[in-house]
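1. okay, sequence plus prediction incoming.
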Amino acid sequence: MHLRLMRTVHFIAIGGSAMHNLAIALHQKGYEVTGSDDEIFEPSRSRLDRLGLLPDKLGWDPLRIHKGIDAVILGMHARADNPELVRAQELGIPVFSYPSYFHEQTKDKTRVVIGGSHGKTTITSMIIHVLRQAGVEFDYLVGAQLEGFDCMVKLSPTSTVAIIEGDEYLASALEPVPKFHLYRPDIALISGIAWDHINVFKTFESYVDQFRKFIDVIEPGGKLIYCAEDPEVKKLAEEPDVKATRIPYGVPAHRIDDGVTKLLVGGKEVALRVFGKHNLMNLEGARHVCHQLGIGDAVFYKAIASFHGAAKRLEKLAEQGRKVVFKDFAHSPSKLKATVDAVREQFPGRKLVACMELHTYSSLSEGFLDQYAGCMEQADTAIVFYDPHAVQLKRLPPIPPERIQRGFARPDLQVLSDPIVLMGAVRQAQADPGVLLMMSSGNFGGLDLQALSEAFIA
């Protein structure tokens, strides 16, 4: 059966970030959508409930699978022996991971896939922002919630372009390959390569090889836009057997004027709401993608001037006088260093208090800590927080504070595990003028960041 006629779809592990967004997008497209999961957290739970898509009970039930279902979409959270999956296979129902399903839905469109260890969400957000400003209709799939969007997946029968944030984590138990291998881009972008997901890719070489394979699946006649400032990306993109047309980019001409970054374009200045060399490179990558989609520079620069960043990326929490607080999603070594360096460059005369949380499997792994060496050297006060409960949940052995200090190559690093003590340390380190930078993919043990911000700027 052709996929376009598959109007009844069941999601196994519907509560995932991308999975529940795809379920909502298909529901809005008029599909009959059902789903299951063994745990569903916010905001997925409320969003599914509002649309009547929340499973009536948690857990797996093979009786949910019947011959009236046209396709099953399998989330990464579901195992190969999942009883609903087994039943679907017995009935011969087509089973897809969500990347392979999204590819099927967009295979007749121009697919833009943004890959890289860092900057994916920001570059994707920039492209989407510009296309919206230019009045272009497009499909999209983004991993993070963007301001002004109810759903982070859209599939339209009339659009001719699809913008996809393509991450390197595995697609599903039946397709244990990185998601971005399955989209087969016409236009691919690689923003940077820095070892991540060490629970899946045990060596740096195996991780880099995933990007080599990503380049290999670019459609014939396709384009590869790549950050030439990143040595690993440059090396891969410029290998002699790359068939795609190569388009390098780097840091555009700019200056910083009293905390505002301005692009220097054809004798004029374009004031930006974002800052940092990593964001300037992200902007250049987005500009090249937009150019390939027919958006001229004049339209691009006018639109990008009003872009104020993706959610949780250098998001300003509070500001008063010459004191300001930012939060950021940075957690991997490359993201951490880029974010700290960006804030230092933007606010050179202020005391910088930087705090990051070890939260991911990689960051809490003793063997990975040395990757963080030098990442926080630009901070005047550097604090690392970890929640002992998170370590237990990931079934990892505890890491002594001295080992964390050694990994970050910073003897004066404060290593804390109590949110109340963290609040006190931030209060003690505050200065005027000063900047507080809180970086995590977690929540600092439930710490109220708004209260912390007010304490810092008070």
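-> Yep, it's here.
2. on the three-state scheme, residue 318 is what?
-> strand (DSSP: H, G, I helix; E, B strand; the rest coil).
3. which residues are in contact with it?
-> 324, 325, 450, 453, 454, 456, 457 (CB atoms under 8 Å, 6 or more residues apart in numbering). Bear in mind the C-beta positions are built from the backbone N, C-alpha and C, glycine included.
4. the closest residue to the third one other than its chain neighbours: how many residues sit nearby?
-> For residue 450, the nearest residue in space outside its immediate sequence neighbours is residue 317; the separation is 6.7 Å by CB to CB, 6 or more residues apart in numbering. Using other CB atoms under 10 Å, residue 317 has 17 other residues around it.
5. likewise residue 292?
-> Residue neighbour count, defined by other CB under 10 Å, stands at 18 for residue 292.
6. would you mind giving me the confidence score for it?
-> Predicted confidence (pLDDT) for residue 292: 98.
7. what's the spacing between it and residue 409?
-> 41 Å (CB to CB, to the nearest Å).
8. now residue 8
-> Residue 8 sits 56 Å away from residue 409, going by CB to CB.
9. swap in residue 158?
-> Distance, residue 158 to residue 409, using CB to CB: 54 Å.
10. circling back: can you check the pLDDT for the residue nearest to residue 450?
-> Listed pLDDT for residue 317 reads 92.
11. what do you get for residue 420?
-> 94.
12. for residue 1, same thing?
-> 41.
13. equivalent analysis for residue 4, please.
-> Per-residue confidence (pLDDT) for residue 4: 44.
14. quick one: low-confidence residue ranges for the protein.
-> For the chain, the stretches with pLDDT under 70 are 1-6, 144-148, 311, 361.
15. got the domain boundaries for it?
-> When the chain is parsed with automatic domain parsing, its domains come out as 3-93, 101-304, 315-457.
16. could you identify the helix or strand that succeeds the lengthiest strand in the chain?
-> Counting by DSSP state E, the longest strand found in the chain is strand 351-358. Counting by DSSP states H and E, the next helix or strand C-terminal to strand 351-358 is strand 381-386.
17. residue 109: what's it in contact with?
-> Residues counted as contacts of residue 109 (CB under 8 Å, 6+ apart) are 139, 159, 160, 161, 162.
18. quick one: which of the residues you listed is most hemmed in?
-> Counting by other CB under 10 Å, top hit in those: residue 162 with 26 neighbours.
19. partners of the helix or strand where it lies in the sheet?
-> Counting by DSSP H and E, the element that carries residue 162 is strand 161-165. Its sheet considered, strand 161-165 pairs with strand 110-115 (parallel), strand 139-141 (parallel) by DSSP bridges.
20. need the residues that contact it.
-> 102, 106, 109-114, 120-121, 124, 127-128, 131, 136-144, 183, 185, 293.
21. what about residue 103, how many residues nearby?
-> Residue 103 has 19 nearby residues by other CB under 10 Å.
22. just checking, next helix/strand downstream of the strand holding residue 162?
-> Once strand 161-165 ends, the next helix or strand along the chain (criterion: DSSP H and E) is strand 187-190.
23. check which element follows that next one along the chain.
-> helix 204-216.
24. who are the packing partners of that following helix?
-> strand 110-115, strand 187-190, helix 231-237 (3 or more CB pairs under 8 Å, 6 or more residues apart in numbering; DSSP states H and E).
25. rerun at 6 Å
-> For helix 204-216, there is no helix or strand it packs on, judged by 3 or more CB pairs under 6 Å, 6 or more residues apart in numbering; DSSP states H and E.
26. can you tell me what sits against it?
-> 115, 168, 178, 180, 181, 193, 195, 201, 236, 242 (CB atoms under 6 Å, 6 or more residues apart in numbering).
27. ditto for stretch 290-309
-> Residues from elsewhere that reach stretch 290-309 (CB under 6 Å, 6+ apart): 126, 129, 130, 133, 134, 187, 223, 265, 270, 273, 274, 287.
28. so which of those residues are in helices?
-> Assigned to helices by DSSP state H, the following of the contacts of stretch 290-309 qualify: 126, 129, 130, 133, 287.
29. tell me which two of those residues sit farthest apart.
-> Within the ones in helices among the contacts of stretch 290-309, 133 and 287 form the most distant pair, 13.4 Å apart (CB to CB).
30. those two: which is more packed in?
-> A count of neighbours by other CB under 10 Å puts residue 287 above the other of residue 133 and residue 287, at 21 against 17.
31. grab the most central residue of the chain for me.
-> residue 121 (4.6 Å; CA atoms, centre = their mean).
32. assign a three-state SS to it, would you?
-> helix.
33. thinking it is in contact with residue 328, fair?
-> No. In this structure, residue 121 is not within contact of residue 328 by CB atoms under 6 Å, at 11.7 Å.
34. partners of residue 384 in the sheet?
-> Judged by DSSP bridges, the bridge partners of residue 384 are residue 356, residue 415.
35. before we move on, the earlier item: sitting in strands, which of the contacts of residue 318 do you find?
-> If you go by DSSP E, the contacts of residue 318 have 324, 325 in strands.
36. tell me which two in the contacts of residue 318 are the farthest apart.
-> 324 and 450 (14.2 Å).
37. looking at those two, which is more packed in?
-> More crowded of residue 324 and residue 450, by other CB under 10 Å: residue 324, with 23 against 12.
38. the more buried one contacts residue 436, correct?
-> No. Under the criterion of CB under 6 Å, residue 324 is not in contact with residue 436, lying 7.5 Å apart.
39. so who does residue 219 touch?
-> 184, 186.
40. hang on, it in a helix?
-> No. Checked against three-state DSSP, residue 219 lies outside a helix; its state is coil.
41. roughly how far apart are it and residue 39?
-> 38 Å.
42. same check, this time on residue 151
-> Noted for residue 151: a distance of 21 Å to residue 39, by CB to CB.
43. of these two, which one has the most company?
-> Between residue 151 and residue 39, residue 151 has the larger neighbour count (other CB under 10 Å), namely 18 against 10.
44. OK, contacts around that one?
-> Here residue 151 is in contact with 21, 24, 25 (CB under 6 Å, 6+ apart).
45. list just the nearest of the residues you listed to residue 280.
-> Of all those, residue 280 sits closest to residue 21, with 29.1 Å by CB to CB.
46. what helix or strand does the closest one sit in?
-> Following DSSP H and E, one finds residue 21 within helix 17-28.
47. what's the neighbour count on the nearest residue to residue 117 once chain neighbours are set aside?
-> Distance criterion CB to CB, 6+ apart; nearest residue to residue 117, sequence neighbours excluded, is residue 194 at 4.4 Å. The local packing of residue 194 (other CB under 10 Å) involves 19 other residues.
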